[in-house]
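K.L.:
Let's see this in three dimensions:
(chains A and B)
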Amino acid sequence: MIYLLLILFLGGGLAWASERWNPQAPRWVALAVVSFALLYLVVAVARLPVEQFSLLPAASQPDTWLAHTRFDWMPRFGIHFELAMDGLSLTLVALTLLLGLIALSASWSEIDQRTGFFQANLLWSLTGVVGVFMALDLFLFFVFYEVMLVPMYLLIAIWGHEARSYASMKFFIFTQASGLLMLVSIVVLAYQHALQTGSFSFSYFDLLDNRLDPALAFWVMLGFFLAFTVKLPGFPFHTWLPDAHTQAPTAGSVLLAGILLKTGAYGLLRFAIPLFPDAAAEFAPVAMALGAAGIIYGAVLAFAQSDFKRLVAYSSVSHMGFVLLGLYAWNSLAVQGAIVQMVAHGLSTAALFMIAGSLQQRMHTRDMSRMGGLWLNAPRMGACALFFTMASLGLPGLGNFVAEFLVLLGLFQVAPRMAVIAAVGLVTGAVYSLIMLQRSFQGPGDLERTVPDYGRRELATMLLMVALLIWLGVNPQPLLELTQPAVDSLLPGAAP
Amino acid sequence: MTDLLWLIPALPLASATLLIFGSQWWGPRSVAALGVGSVAAAGVCVLLTILSWQGAPLQQTLWTWIAVGELSAGVSFYIDGLTLVMLSVITGVGFLIHLYSAEFMSGDASYARYFAYLNLFVTAMLTLVMADNLLLLFLGWEGVGACSYLLVGFWHFDAANGAAARKAFVVTRVGDAAMALGLFLLFREFGTLDIQALGSAATAQWEVGDPTAVLATALLLGGAVGKSAQLPLHTWLPDAMAGPTPVSALIHAATMVTAGVYLIARTHELFLLAPPTLAAVAIIGLLTLLLAAFTALCQNDIKRILAWSTISQIGYMFLGLGVGAWSASIFHLMTHAFFKALLFLAAGAIIHCLHHEHDIRKMGGLRSRLPLVFLSFLIGAAALSALPLTSGFFSKDLIVLAAFEAPGIGPWLWAGAVLGAFLTALYSFRLVFVVFFGRADTLPDRQPGPAMAMPLSVLCVFSLAGGWLGIPVASVFPTAAEAHPALWVEAVSIGLPLLGVAMAYVLFLGRQWDASGLVESAPGQTLFRFWHAGWRVDGLYDWLWVKPFVGLTVLLKSEPVDRLYGAVVALCQFCHQQLSRSQSGRLRQYATVMAAGVIVLLGVVWRAAGG
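P.N.:
Below you'll find the model as predicted:
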């Protein structure tokens, strides 16, 4: 696992350095690096015995995980370099690398200045995200959490669109401030551990056994919750997202929507709930209310937008509401639904951002009032937009439906009223998705306009995502079985 | 044949896939061959299944779709008599309409896209009726909705078509959301979504009239009224006529809109446990059939008349379901598929041959100029009006008589239903007389070719003789007592449609009685406009839902939540300004502040020292 991180991290440096040699080189280097990392992951996973995948990853037995590494780092404070991977981590790491490839494809012809530094930031950001999904030492987790932030800030601040400095600053301050709350929480946890056992520890497994005073547990839990909900983003901490998404270069949006948001969901699932089962159970109604509010609020605001990218950004807020609901419903169905949502939303939204990016590149605008009838000029692009719109509104047979259905099904068992409110999101989702399609690709067209249709590279990227979403929609069972042991091992902690 | 059941939906799906990904390689002939041939092949599979059918339900599981916790839903099929009826209608009528489309759509720039969507629709519809669990049924259910959206908005360069398509999708989605909640509730109660298992578990666990049963069936009913365009979610169907006419025939007359009827029939064991919901089904059906019949009378667009008439006829099916005449409803579903498809295809032929003219006031005298179309339309209208011995007569009669026998409100239901039958005959023959008789205003520039004539002829035969077809649903539904109402009831039920035809003759052809004075009087005009606008339900919804939603979006567009963070920023900037102002460089000011600071500090120390 540590090699995976090294490949990406050193690859970033290499990509930067290769720019001196040839401005085209960084792309190819980055492509090679991410492909190699993906290949490495596949080979490593393929070598594991099949039984390993059905074991419950237990805290005390490292060999029940798919992979586990631990070195001493700062032993005085009980800080280790501890990485581990279960089905959940594996899924998200694979998604990260895959979307890394897709982001590369998206930026292939879009970025032509300082390509070396761009690709380096892209790869370093990926390093951080992969680290986040594997770190089981909370200090290490925090380090990776910050590592993915800085390159993303640079991506927006340097290669973004017209209001990039405002957007990148907003993004940075939101995530940084909330990350600080998490750091405080982590330190309190380690300190409590020291009070109870006499030694510091930042290890996830040690901290799981902490017995906290309920009042303290609530505040510490809140620190984690805020950090991850800002990242997710959950209503009402979402306002950084539309700006960041709209201003980021396409590759940035793809990474941001596809995987950076998922680190928030992952954090909630891995840390914020299991570390404080009772406090989280007590807090669940609030979290679910925020999730439901996010679904409706995001959908209403998405409908109001005239900027294609901003609309997709608000649709993310709406979709992430389902994740929040699923996680805090905290049963097998809903949590599995939330996980599928992470993957499906990662793909469908990344694709929509790519379409937005291609439109911006070709038409130099994101304003939908200047679009309309684009199907006439670019039918392939139109067909892709149609497909991903349908995916995003939750058409059965595609991945997002499986996710939303499982979330709502699980949610209904514990909080029927919330499920009813969230089900309104099914209708509002259709409203904003279809109006987006109408304003951009349908309606009266203009043959005079030159909007080149998708070429091979873009079409291949799109078809890859189409295939994955269909596969996820008609046969999600392999994914569900991969993540089931991880979910089972997390779940018995609490049942709100 | 059991092992090959999967072929039935797979064939059209394969064709749709080929058409989508290979559109640039196929010429129009291959496109038509693929599109029509795949449905024909699926129809052959259905036929083979029927021939080899022993009477016991067939089952096939392809793979496990979603299995988490208690939930386990497979891609599994369940074929019984009810499914076979639906399969025959979908592939049979579907094949004829595909064939008809091959000519009707010829020359369209998006020929391949059209057949791809149409094949995709057939796939989804077949999945809907073959599903053995409600989750897979829901997949087909939403799938047909999406295909309906795509086909209504097929000519999407016209923004009005796009609006109609979105309306159809969103309004039915409201029903779908209710249905999804029904699924969640059923799953919570029984831990399964398997239809047969649900039926037996519910019968064992619920008393008749159990509140949960009423709630669950009411939610399913929500889905059914959305898809089947019944009150209060019927408003999308008239607008959906923006799609190509064969689409209206297939989706918005013969198959998709009857999915709600199928759903209720499929889950009848649940509905039998919830008498209040069943009563609601009957009353919704009755109100819808009357409202739609009055509206149909006041329309001038040939397709809209047929659309309102579809809403009205599905109202009859709901009425039948509500009074427990299950097989009669399914029977009417089948005959309606024949004669309404026939009417739509005939209307399509008129539109096709008359330069896309939709307004019946501009038609006339087409009897001799389009003889086949005239014959088709006449047979279709006769069957729609339930004139004796046509197919519609048998099925509608069964429903009307069963309504009379219903305990309590039965006679009222019957009275409404026969009034509806009278109106049906009136508007159907108004259409026949206005379009095919009288003065010829617009002349056809072509005749329907063989690919259009053949489906018309076949459907003519079925619309006439379809009443003698037996449907194998006896083993699916509980046996209802044979209805034996008094002779006068029977006589009125048969007689009123005939009276309607006579009235249409007097009003619109012979003109022995001129009603224009009545219509043009002030109250007449008000009533006419009210009915013409579909009882102003659209306006009501616009005022109730659309305007508030749009208002809300305008209100929230500036992102009020961000103001909160904006305030934090403003506060920081304010403090920053105030503090930077203190760095003025004036020595006197610094000295004053320093002195003040020292005094304060001394005060603090003094107090701390215990002074």
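K.L.:
Give the residue spans of chain A that score low on pLDDT.
P.N.:
Low-confidence segments of chain A (pLDDT under 70): A:59, A:492-496.
K.L.:
one more time with 80, if that's ok
P.N.:
A:1-2, A:55, A:58-64, A:111-112, A:209-211, A:445-450, A:492-496 (pLDDT under 80).
K.L.:
Please name the residues that touch residue 214.
P.N.:
Because you didn't say which chain, this covers chain A. Shown in contact with A:Pro214 (CB atoms under 8 Å, 6 or more residues apart in numbering or on different chains): A:278-279. C-betas here are computed from N, CA, C, even on glycine.
K.L.:
looking at chain B here, not the other one
P.N.:
B:274, B:276-277.
K.L.:
How many neighbouring residues does B:Leu87 have?
P.N.:
26 (other CB atoms under 10 Å in any protein chain shown).
K.L.:
In which helix or strand does it reside?
P.N.:
Element membership of B:Leu87 [criterion: DSSP states H and E] is helix B:81-104.
K.L.:
quick check: mean pLDDT across whichever helix or strand comes after that helix?
P.N.:
With elements assigned by DSSP H and E, the helix or strand that comes after helix B:81-104 is helix B:111-130. Mean pLDDT, computed over helix B:111-130, is 92.
K.L.:
where along the stretch 101-250 of chain A do the helices fall?
P.N.:
Listed in chain order, the helices of the stretch 101-250 of chain A (DSSP state H, counting those that start in this stretch) span residues A:115-134, A:138-147, A:149-159, A:164-197, A:204-208, A:214-231, A:240-247, A:250-255.
K.L.:
Put together JSON lines for those helices, with distance to B:Leu13 on each row.
P.N.:
JSON lines is the format used below for those (distance: least, CB to CB, whole Å):
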{"stretch": "helix A:115-134", "distance to B:Leu13": "36"}
{"stretch": "helix A:138-147", "distance to B:Leu13": "44"}
{"stretch": "helix A:149-159", "distance to B:Leu13": "41"}
{"stretch": "helix A:164-197", "distance to B:Leu13": "44"}
{"stretch": "helix A:204-208", "distance to B:Leu13": "46"}
{"stretch": "helix A:214-231", "distance to B:Leu13": "40"}
{"stretch": "helix A:240-247", "distance to B:Leu13": "36"}
{"stretch": "helix A:250-255", "distance to B:Leu13": "31"}
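K.L.:
and of those, who's closest to B:Ala218?
P.N.:
Closest approach to B:Ala218 among the helices of the stretch 101-250 of chain A (CB to CB): helix A:214-231, 35.9 Å.
K.L.:
Show me what counts as buried in the closest one.
P.N.:
A:217-231 (16 or more other CB atoms under 10 Å in any protein chain shown).
K.L.:
between the residues you listed, which is closest to chain B?
P.N.:
A:Val230 (11.2 Å; CB to the nearest CB).
K.L.:
Leaving aside the residues adjacent along the chain, what's closest to the closest one?
P.N.:
The spatially closest residue to A:Val230, leaving aside those adjacent along the chain, is A:Ser178, at 3.9 Å (CB to CB, 6 or more residues apart in numbering or on different chains).
K.L.:
One more: A:Thr69?
P.N.:
Per CB to CB, 6+ apart, closest to A:Thr69 is A:Leu83, 4.8 Å.
K.L.:
Tell me how many other residues crowd A:Ala157.
P.N.:
18.
K.L.:
Report the contact partners of residue 20.
P.N.:
Went with chain A since none was named. A:Arg20 touches A:Gly116, counting by CB under 8 Å, 6+ apart.
K.L.:
other chain: chain B
P.N.:
A:383, B:113, B:116.
K.L.:
Top of these by number of neighbours, please.
P.N.:
Result: B:Ala116 is most packed of those (other CB under 10 Å), 26 neighbours.
K.L.:
What about the closest residue to it other than its chain neighbours, how many residues nearby?
P.N.:
With CB to CB, 6+ apart as the criterion, B:Ala116 has its nearest non-adjacent residue at 3.8 Å, and that residue is B:Leu19. By other CB under 10 Å, the residues close to B:Leu19 number 25.
K.L.:
Let me know whether B:Leu19 touches B:Ala33 as I believe.
P.N.:
No. Between B:Leu19 and B:Ala33 there is no contact under CB atoms under 8 Å: 11.0 Å.
K.L.:
quick one on the thing from earlier: most packed of the helices of the stretch 101-250 of chain A?
P.N.:
helix A:250-255 (a mean of 30; mean count of other CB atoms under 10 Å in any protein chain shown).
K.L.:
centre of the chain versus the helix or strand just after that helix, how much separation?
P.N.:
The helix or strand immediately downstream of helix A:250-255 is helix A:261-267, counting by DSSP H and E. Put simply, helix A:261-267 sits 6 Å off its chain's centre (CA atoms, centre = their mean, to the nearest Å).
K.L.:
what's around A:Met436, how many residues?
P.N.:
24.
K.L.:
for A:Gly399, that is, sorry about that
P.N.:
26.
K.L.:
Kindly report the same for B:Leu384.
P.N.:
31.
K.L.:
For chain B, give me its nearest residue in the stretch 1-150 of chain A.
P.N.:
For the stretch 1-150 of chain A, CB to the nearest CB, closest residue to chain B: A:Gly87, 13.4 Å.
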